[in-house]
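Colleague: sequence-free structure coming up:
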């Protein structure tokens, strides 16, 4: 995806007033550009295809197609798009569902304008942003699973990389921190995903925190 001086942002929410408020917020940030809006997940797919955003602020509870389902569908078609779940709900199951779908962040709608702008910029840079309430939910082990502890057979180098993932670093930053090539950093991340049984950074971070692999 071609990068420009402005971050192209798309809004997905079934409430007109919420979208209006978010649009106003975007206008006061010269590096953020509103390029499209949608009222539900199904419409989001069509709008995303047309406007090719960099970052999407995605509501989760919507008619027709929910935010997690829309996130999954969008990333299957446009994997470079970054999606931040922006919702009023902080239920643990909803947080896990959004992260499993591939969301790059999870924020509550009581977030400040400054925090939201910072989250959009972080998502654009490939970094994960979670509301404190979401972090607390992720630290709780699911009731229907037994804790598996640190038995994931990670090498010392993979543990270093996982710690940097939890800190929010992307592959380029991990490579620079560890003085390795970007391809090597990417390979370490891929091996970590395989060993943890996850498919993306958000899931890896969630598991690392919940199982106390990284403390």
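Modeller: That came through, no problem. Model, not experiment: these values are computed from the prediction. Residues are numbered from 1 along each chain as shown.
Colleague: so residue 198 sits against residue 208, correct?
Modeller: No: using CB atoms under 8 Å as the test, residue 198 is too far from residue 208 to be in contact (9.4 Å). In this view, the C-beta of every residue, glycine as well, is placed from N, C-alpha and C.
Colleague: give me the more crowded residue out of the two.
Modeller: Neighbours were counted for residue 198 and for residue 208 using other CB atoms under 10 Å; residue 208 has more, 23 against 18.
Colleague: tell me the SS of that one?
Modeller: Put simply, residue 208 is helix when judged by DSSP: H, G, I helix; E, B strand; the rest coil.
Colleague: got a list of what it touches?
Modeller: 162, 165-166, 196, 214 (CB atoms under 8 Å, 6 or more residues apart in numbering).
Colleague: for it, which non-adjacent residue is spatially closest?
Modeller: Spatial nearest neighbour of residue 208, excluding adjacent residues (CB to CB, 6 or more residues apart in numbering): residue 214 at 4.4 Å.
Colleague: cool, residue 195 as well?
Modeller: Spatial nearest neighbour of residue 195, chain neighbours left out: residue 152 (5.0 Å); criterion: CB to CB, 6+ apart.
Colleague: what helix or strand does the one you found sit in?
Modeller: When secondary structure is defined by DSSP states H and E, residue 152 falls outside every helix and strand.
Colleague: so it touches residue 198, yeah?
Modeller: No: counting by CB under 8 Å, residue 152 stays clear of residue 198, with 10.5 Å between them.
Colleague: could you find the closest non-adjacent residue to residue 6?
Modeller: Nearest to residue 6 is residue 33, by CB to CB, 6+ apart, at 4.3 Å.
Colleague: parallel or antiparallel, which strands does the helix or strand that neighbour falls within pair with?
Modeller: Residue 33 is part of strand 32-38, with elements assigned from DSSP H and E. Sheet pairing for strand 32-38, assigned by DSSP bridges, gives strand 7-12 (parallel).
Colleague: show me what contacts residue 116?
Modeller: Going by CB under 8 Å, 6+ apart, residue 116 touches 25, 57, 86, 107.
Colleague: for the residue nearest to residue 6, give me its contacts.
Modeller: 6-9, 26.
Colleague: could you do residue 108 as well?
Modeller: Residue 108 neighbours (CB under 8 Å, 6+ apart): 86-88, 90, 131, 133.
Colleague: by neighbour count, which of those wins?
Modeller: Counting neighbours by other CB under 10 Å, residue 86 leads those with 26 neighbours.
Colleague: wait, doesn't that one sit right on residue 107?
Modeller: Yes: the pair residue 86 and residue 107 qualifies as a contact (CB under 8 Å) at a distance of 5.2 Å.
Colleague: which residues of the chain score low on pLDDT?
Modeller: Applying pLDDT under 70 to the chain flags the ranges 1-4, 137-151, 215.
Colleague: what's the domain layout of this protein?
Modeller: Using automatic domain parsing, the domains assigned to the chain come out as 7-139, 156-210.
Colleague: so of the ones you listed, which one's packed in deepest?
Modeller: domain 7-139 (a mean of 19; mean count of other CB atoms under 10 Å).
Colleague: would you pull up how far the longest helix anywhere in the chain lies from the middle of the chain?
Modeller: Scanning the chain for the helix with the most residues, using DSSP state H, yields helix 182-196. Here helix 182-196 shows a centroid-to-chain-centroid distance of 18 Å under the convention CA atoms, centre = their mean, to the nearest Å.
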